[in-house]
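Asks: please find the sequence and the predicted model below.
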Amino acid sequence: MKSYDDMAFHTDSEHLVKILCERTQNDDPLFFRVLVGYYFSVVASMMRANVTSPTIGEIPINMYAFNLSVSGAGKGKSVNLMEDMVIEQFRYNFLENTMPAMAAQNIPMLAAQRAARKASDPDLERTSLEGEYENLGPLLFSFDAATGPALKEQRHKLLMSDAGALNMQVDEIGINLTSVAEALSPYLELYDVGKIKQKLVKNTAENKRKEEIPGRTPANLMAFGTPTRLFDGGKTEEEMYTLLDTGYARRCFFGYSKNHTKKEGILPEDIYTQRLNSSTDTFLDSMSDQLADLSDVAFAHRKISIPKDVEMLLIEYEQDGVRRANLLGEHDELRKAELFHRHFKTMKLAGAYAFIDGAPEVTLTHVEAAIKLCEQSGEAFNQLLTRDKVHVKLAKYIAEVGIPLTQADLLQDLPFYRGSTSIRQDMLQVAIAWGYRNSIIIKKAFNDGVEFISGETLKKTNLNDVVFSYSTKLAEDYVIEEKKIPFADFFNLTQAQGLHWCNHAFMDGRRIEDNAVPGFNMIVLDVDHGIDIATAKSLLSDYTALFYTTKRHQELDAKGLPGDDRFRIVMPINYTLELDAKEYKEFMVNIFDWLPFDVDRATGQRARKWLSHKGSYEYVTGEVLDILPFIPKTSKNEEFRSRLLDQQGMDNLERWVINNTGDGNRNNMLLRYGMIFVEAGFDFDGVRQRVYALNEKLPSKLEESEILGTIMVSVGKAIAKQ
């Protein structure tokens with residue numbers, strides 16, 4: 001067997017698909033491939049074509065499909081083109097000529113059989129059957145809904161004529177799924193060989209039970225619709241998954257398109273010419289004539305054989321489906337069922353292709369074309385099963401809307417946001433948690449007792465494009481570099497002479513709060529006292545940062561002695577945030593409270609500027625700072641503030657060490673803590689007491705023997721070296 005990538009689609013089918021793509025300006029061909037395959041199957045099944053397999057027997061050609069695509073993708077236009085320009089001649093010839101002719105042949109045969117069985121007059125039986133046939137009403141070539149009794153009544157007419165098929169085409173399946181549920185139940189039985197059990201009803205003088213006619217009637221199903229309507233997270237979605245579970249997963253081809261974008265930049269003249277393309281119309285006319293010819297009685301009940309080499313390919317494909325299905329977990333029952341039965345769907349579709357081509361047998365080319373479409377259908381089915389869960393839909397909706405929403409807004413706009421208050425709150429909490437793992441921040445705020453929920457999708461920071469503006473003036477002419485500046489080169493700005501810079505841009509270049517453009521991906525910390533630069537680098541060694549000294553670094557005092565280290569720390573953050581003035585202040589307060597040392601807390605404004613200075617600088621490379629716990633009005637920030645309250649009896653350094661200590665780094669964090677006191681000039685006992693004291697506060701503390709045997713050994717060596 002060839003690889004699936006090397007197989008080719010059916011030639012005439014693909015030509016039609018290309019035309020449909022052009023006419024609808026849609027580059028996603030799967031919807032149209034399934035659509036064309038369906039109509040080819042309808043033509044074959046109306047003429048009662050069958051494939052005959054030496055191992056399986058005689059199988060009617062038919063097709064079931066759920067073909068889903070977003071609104072505006074061209075569903076209606078493509079269906080109208082297929083029905084009005086491709087199969088219209090076939091439909092007219094079949095209903096007006098072929099079916100009446102086939103009924104005229106079959107009814108006398110039925111009459112003769114009944115007369116022989118009942119020892120009655122054949123002419124009377126024929127007259128009775130003809131009356132019964134007329135009373136069943138005209139045949140509907142296709143229908144969009146049916147009751148159970150009506151479906152069986154129409155099937156009875158097909159059995160009497162020994163022609164035709166049941167073709168149900170449901171548009172907007174998401175809206176109409178409930179209304180067609182009655183018909184979908186018997187359709188499960190009809191798929192394989194076209195048989196169905198009769199319902200036993202009471203026989204009365206007014207309602208005489210019709211005599212059952214044994215036989216097969218193929219059935220076709222095409223359900224169109226938008227994915228969002230069908231998979232709404234509510235009752236409709238539950239019903240759809242029930243259908244898949246009860247057997248439609250294995251019976252159906254699937255088309256599934258979640259996104260559609262119309263082509264841009266095409267000149268109106270080109271579109272006009274394309275729509276009037278004479279070769280396109282010529283092919284449609286040719287295909288219409290070809291299908292019309294197939295409606296002749298001579299093509300009825302054609303048996304299309306499957307040679308041994310083709311059967312071997314189908315068996316090989318069946319075994320590959322079994323192999324892939326066995327790799328799946330026990331919970332993947334729907335995927336397994338679909339894989340187990342792909343070969344059966346392929347056999348029916350290959351038979352339809354052979355019938356359209358007028359071939360007496362199914363060829364390898366027909367089977368490969370059917371396999372190609374079946375594999376694409378399987379990929380669509382997998383996408384369908386991995387659709388967004390309700391909490392994911394909720395998170396994405398809140399982020400995409402871009403405005404604060406109330407609970408009433410969510411109830412009105414989202415069909416899946418239902419249930420009690422506790423159920424909805426749980427869904428929202430799960431959505432918030434999912435959002436944190438997928439770059440979506442959801443905030444909650446209260447105004448006059450009303451809860452407002454807002455969200456945004458965060459953009460990951462590109463370290464090769466840091467946001468800043470600079471000027472030679474204090475408050476004007478702040479410009480942004482046209483080219484991208486990597487964080488690794490940012491030291492050039494900090495070491496320049498006489499430049500003022502900010503981590504925000506400003507409208508009109510005026511550095512005032514009201515002109516600040518939301519959007520930053522770096523924070524700046526100003527350290528004037530209390531800690532030396534070496535210790536700060538040690539504490540923040542896990543994070544990527546740039547340290548540079550300022551103009552008053554180690555400024556000499558009146559006695560000529562060097563003063564405190566004065567420096568700045570520039571840290572990129574993992575997401576680009578767009579915060580207003582109030583939110584930015586709250587954000588920076590959270591950062592200040594998180595740090596293990598004191599910084600200048602008067603610097604938490606968007607319009608804060610910094611002066612460059614040619615001093616010393618050094619980069620520390622580590623993780624980019626995760627700012628999710630520090631964004632105001634989020635659940636992560638609420639957890640962070642709550643933890644600070646619980647730890648208010650500790651100083652910043654103790655809190656820092658505890659909050660950054662886990663099972664794998666307790667020894668390392670306690671050593672780092674001890675070394676800070678070594679640098680501060682404490683003796684061995686002074687360091688040991690402080691390390692022991694902090695160890696007692698850890699949720700899972702180390703044994704004292706381990707501290708003495710590892711941490712304090714290193715501390716002793718460091719003190720001796722000093």
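Replies: Sure, I can see it.
Asks: max-length helix in the protein?
Replies: Using DSSP state H to define each element, the chain has its longest helix at helix 364-385.
Asks: ok, residues contacting the helix or strand just after that one?
Replies: Sequence order places helix 390-401 as the next helix or strand after helix 364-385, per DSSP states H and E. Helix 390-401 is contacted from outside by 233, 388, 405, 410, 413-414, 416-417, 427-428, 430-432, 434-435, 438, 440-442, 453-457, using Cβ atoms under 8 Å, 6 or more residues apart in numbering. To be clear about C-beta, it is placed using only N, CA and C from the backbone, and glycine gets the same treatment.
Asks: repeat that with 7 Å
Replies: Residues from elsewhere that reach helix 390-401, judged by Cβ atoms under 7 Å, 6 or more residues apart in numbering: 233, 388, 405, 414, 416-417, 427-428, 430-431, 434-435, 440, 442, 453-457.
Asks: one more: stretch 511-518?
Replies: 475, 478, 502, 504-508, 578-581, 605-607, 609.
Asks: ok, stretch 484-500 next?
Replies: Residues outside stretch 484-500 that contact it (Cβ under 7 Å, 6+ apart) are 463-466, 470-472, 474, 501, 546, 548, 570, 572, 609, 611-612, 614, 617.
Asks: so which of those residues sit within strands?
Replies: Judged by DSSP state E, the subset of the contacts of stretch 484-500 located in strands is 470-471, 501, 546, 548, 570, 572, 611, 617.
Asks: the helices in the stretch 401-550 of the chain, which residues?
Replies: Along the stretch 401-550 of the chain, the segments classed as helices by DSSP state H, counting those that start in this stretch run 407-413, 421-437, 491-494, 533-539.
Asks: looking at these, which is nearest to Ala369?
Replies: helix 421-437 (40.8 Å; Cβ to Cβ).
Asks: buried sites along that closest one?
Replies: Across helix 421-437, burial judged by 16 or more other Cβ atoms under 10 Å covers 424, 427-428, 430-432, 434-436.
Asks: cool, and stretch 463-475?
Replies: Applying 16+ other Cβ under 10 Å to stretch 463-475 flags 463, 466-471 as buried.
Asks: and stretch 326-342, by the same measure?
Replies: Buried residues in stretch 326-342, counted by 16+ other Cβ under 10 Å: 334-342.
Asks: how far away from the center of its chain is that stretch?
Replies: The chain centre lies 20 Å from the centre of stretch 326-342; the measure is Cα atoms, centre = their mean, to the nearest Å.
Asks: if we can go back for a sec, residues of the longest helix of the chain that come out buried?
Replies: 364-378, 380-381, 384-385.
Asks: hmm, who's touching it?
Replies: With Cβ under 7 Å, 6+ apart, helix 364-385 has contacts from 2, 4, 7-10, 30, 33-34, 37, 253-256, 309-310, 313-314, 317, 334-335, 338, 342, 345-346, 349-350, 353-354.
Asks: with stretch 152-164 instead?
Replies: 46, 48, 98-99, 102-103, 106-107, 110, 129, 133, 136, 139-140, 166, 196, 210, 213, 215, 217, 300.
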